[in-house]
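Peer 1: pasting the sequence and the predicted model now:
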Amino acid sequence: MSSINHVHGVQDVLAHIKATEAKHAQKCQQAITRCTLLLERYAKALVPVQTGHLKASGYSHITGSGFNTVGKVAFTAEYAIWVHEDLTALHGAAFNTAYAAKIAAAPPNDPYWFNRGKDQQAKFLLGALNAHREEFLGILKAVVQ
(Lines give C-alpha, C1' and ligand atoms only; values in the text may rest on other atoms or scores of the structure.)
Protein backbone atom coordinates (compact mmCIF):
# COMPACT_ATOMS: atom_id res chain seq x y z
CA MET A 1 0.00 0.00 0.00
CA SER A 2 1.31 3.37 -0.92
CA SER A 3 0.85 6.60 0.96
CA ILE A 4 1.05 10.21 -0.06
CA ASN A 5 3.47 12.20 1.98
CA HIS A 6 3.35 15.42 0.01
CA VAL A 7 1.20 16.85 -2.76
CA HIS A 8 2.82 19.50 -4.89
CA GLY A 9 0.80 22.69 -5.52
CA VAL A 10 -1.45 22.52 -2.42
CA GLN A 11 0.01 25.74 -1.05
CA ASP A 12 -0.70 27.45 -4.37
CA VAL A 13 -4.30 26.22 -4.35
CA LEU A 14 -4.80 27.38 -0.75
CA ALA A 15 -3.29 30.78 -1.56
CA HIS A 16 -5.66 31.09 -4.54
CA ILE A 17 -8.66 30.20 -2.37
CA LYS A 18 -7.68 32.80 0.22
CA ALA A 19 -7.18 35.46 -2.46
CA THR A 20 -10.53 34.61 -4.05
CA GLU A 21 -12.26 34.72 -0.65
CA ALA A 22 -10.81 38.16 0.08
CA LYS A 23 -11.91 39.39 -3.35
CA HIS A 24 -15.45 38.08 -2.79
CA ALA A 25 -15.57 39.61 0.69
CA GLN A 26 -14.65 43.01 -0.76
CA LYS A 27 -17.24 42.64 -3.53
CA CYS A 28 -19.85 41.66 -0.94
CA GLN A 29 -19.10 44.79 1.08
CA GLN A 30 -19.33 46.96 -2.04
CA ALA A 31 -22.62 45.35 -3.10
CA ILE A 32 -24.23 45.79 0.32
CA THR A 33 -23.04 49.40 0.47
CA ARG A 34 -24.46 50.07 -3.01
CA CYS A 35 -27.82 48.46 -2.16
CA THR A 36 -28.06 50.44 1.07
CA LEU A 37 -27.37 53.77 -0.64
CA LEU A 38 -29.81 52.97 -3.44
CA LEU A 39 -32.51 52.02 -0.94
CA GLU A 40 -32.05 55.37 0.80
CA ARG A 41 -32.34 57.21 -2.51
CA TYR A 42 -35.46 55.29 -3.58
CA ALA A 43 -37.13 55.71 -0.17
CA LYS A 44 -36.48 59.45 -0.20
CA ALA A 45 -38.19 59.65 -3.59
CA LEU A 46 -41.34 58.15 -2.02
CA VAL A 47 -41.35 59.85 1.40
CA PRO A 48 -44.24 62.27 1.89
CA VAL A 49 -43.01 65.87 2.01
CA GLN A 50 -44.71 68.75 3.73
CA THR A 51 -41.84 70.63 5.38
CA GLY A 52 -38.94 68.46 4.19
CA HIS A 53 -37.90 67.48 7.73
CA LEU A 54 -38.85 63.80 7.35
CA LYS A 55 -37.04 63.45 4.04
CA ALA A 56 -33.95 65.21 5.40
CA SER A 57 -33.87 62.88 8.41
CA GLY A 58 -33.23 59.83 6.21
CA TYR A 59 -29.76 58.36 6.26
CA SER A 60 -27.70 55.25 5.50
CA HIS A 61 -25.26 53.60 7.87
CA ILE A 62 -22.80 50.86 6.95
CA THR A 63 -21.06 48.78 9.61
CA GLY A 64 -18.71 45.83 9.47
CA SER A 65 -16.65 44.75 6.52
CA GLY A 66 -16.40 41.95 4.00
CA PHE A 67 -18.96 39.21 4.56
CA ASN A 68 -19.94 40.88 7.84
CA THR A 69 -21.09 44.14 6.23
CA VAL A 70 -24.48 45.40 7.41
CA GLY A 71 -26.37 48.26 5.79
CA LYS A 72 -29.14 50.23 7.51
CA VAL A 73 -31.49 52.90 6.18
CA ALA A 74 -33.50 54.90 8.70
CA PHE A 75 -35.52 58.07 9.12
CA THR A 76 -35.02 59.81 12.45
CA ALA A 77 -37.82 62.37 12.43
CA GLU A 78 -39.92 61.88 15.57
CA TYR A 79 -43.01 61.13 13.49
CA ALA A 80 -41.39 58.94 10.82
CA ILE A 81 -42.93 55.71 12.09
CA TRP A 82 -46.45 57.20 12.05
CA VAL A 83 -46.11 58.51 8.52
CA HIS A 84 -44.66 55.17 7.38
CA GLU A 85 -47.34 53.04 9.03
CA ASP A 86 -50.53 55.13 8.67
CA LEU A 87 -52.23 53.68 5.61
CA THR A 88 -55.29 55.89 6.07
CA ALA A 89 -53.46 59.19 5.43
CA LEU A 90 -53.55 60.64 1.94
CA HIS A 91 -50.22 61.23 0.23
CA GLY A 92 -49.03 62.05 -3.26
CA ALA A 93 -51.56 61.88 -6.08
CA ALA A 94 -54.37 60.85 -3.69
CA PHE A 95 -53.79 63.99 -1.58
CA ASN A 96 -53.67 66.20 -4.68
CA THR A 97 -56.96 64.77 -5.97
CA ALA A 98 -58.79 64.90 -2.64
CA TYR A 99 -57.76 68.47 -1.89
CA ALA A 100 -57.53 69.94 -5.39
CA ALA A 101 -59.96 72.79 -4.61
CA LYS A 102 -58.14 73.79 -1.41
CA ILE A 103 -54.78 73.61 -3.18
CA ALA A 104 -56.07 75.80 -6.01
CA ALA A 105 -57.52 78.37 -3.57
CA ALA A 106 -54.42 78.54 -1.35
CA PRO A 107 -52.06 81.51 -1.56
CA PRO A 108 -48.66 80.93 -3.19
CA ASN A 109 -46.10 79.31 -0.89
CA ASP A 110 -48.81 78.04 1.47
CA PRO A 111 -47.07 75.70 3.95
CA TYR A 112 -49.80 73.03 3.78
CA TRP A 113 -51.99 73.34 0.69
CA PHE A 114 -49.69 72.55 -2.22
CA ASN A 115 -49.41 69.67 -4.67
CA ARG A 116 -47.46 66.72 -3.35
CA GLY A 117 -45.17 64.57 -5.46
CA LYS A 118 -47.38 62.01 -7.20
CA ASP A 119 -45.44 58.99 -5.88
CA GLN A 120 -45.30 60.03 -2.22
CA GLN A 121 -46.75 57.33 0.02
CA ALA A 122 -46.90 55.65 3.40
CA LYS A 123 -44.61 52.60 3.57
CA PHE A 124 -42.00 54.64 1.69
CA LEU A 125 -39.14 52.48 2.98
CA LEU A 126 -40.84 49.13 2.51
CA GLY A 127 -42.29 50.30 -0.80
CA ALA A 128 -38.85 51.22 -2.10
CA LEU A 129 -37.45 47.86 -1.00
CA ASN A 130 -40.26 45.90 -2.65
CA ALA A 131 -40.23 47.96 -5.85
CA HIS A 132 -36.49 47.47 -6.35
CA ARG A 133 -36.08 43.96 -4.91
CA GLU A 134 -34.94 42.45 -8.23
CA GLU A 135 -32.38 45.20 -8.72
CA PHE A 136 -30.95 44.60 -5.24
CA LEU A 137 -30.87 40.83 -5.78
CA GLY A 138 -29.07 41.36 -9.09
CA ILE A 139 -26.41 43.47 -7.40
CA LEU A 140 -25.90 40.85 -4.70
CA LYS A 141 -25.95 37.90 -7.12
CA ALA A 142 -23.24 39.55 -9.23
CA VAL A 143 -20.87 39.10 -6.29
CA VAL A 144 -20.88 35.32 -6.58
CA GLN A 145 -20.56 35.11 -10.35
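Peer 2: Perfect, I can see it now. Numbers count the residues shown, from 1 in each chain.
Peer 1: in this protein, which spans are helices?
Peer 2: Secondary structure of the chain, counting by DSSP state H: helices at 10-46, 53-56, 80-85, 92-98, 100-105, 124-131, 133-141.
Peer 1: chain center to the shortest one: distance?
Peer 2: This means helix 53-56. Counting by C-alpha atoms, centre = their mean, to the nearest Å, helix 53-56 is centred 16 Å from the centre of its parent chain.
Peer 1: next: the longest one.
Peer 2: For helix 10-46, the gap between its own C-alpha mean and the chain's C-alpha mean amounts to 16 Å (C-alpha atoms, centre = their mean).
Peer 1: follow-up on the earlier one: tell me which of the helices of the chain sits nearest to residue 62.
Peer 2: Closest of the helices of the chain to residue 62 is helix 10-46, at 5.3 Å (criterion: C-beta to C-beta). Heads up, the C-betas are built off the backbone N, CA and C, glycines and all.
Peer 1: pLDDT of the closest one, averaged?
Peer 2: When pLDDT is averaged over helix 10-46, the result is 88.
Peer 1: for stretch 136-145, same thing?
Peer 2: Average pLDDT, stretch 136-145: 88.
Peer 1: list the buried ones in that stretch?
Peer 2: Burial within stretch 136-145, assessed by neighbour count using 16 or more other C-beta atoms under 10 Å, is assigned to 136, 139, 143.
Peer 1: quick one: the helices of the chain as TSV, columns for distance to residue 64 too.
Peer 2: Shown next, in TSV, are the helices of the chain (distance: least, C-beta to C-beta, whole Å):
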stretch	distance to residue 64
helix 10-46	8
helix 53-56	26
helix 80-85	25
helix 92-98	35
helix 100-105	46
helix 124-131	20
helix 133-141	15
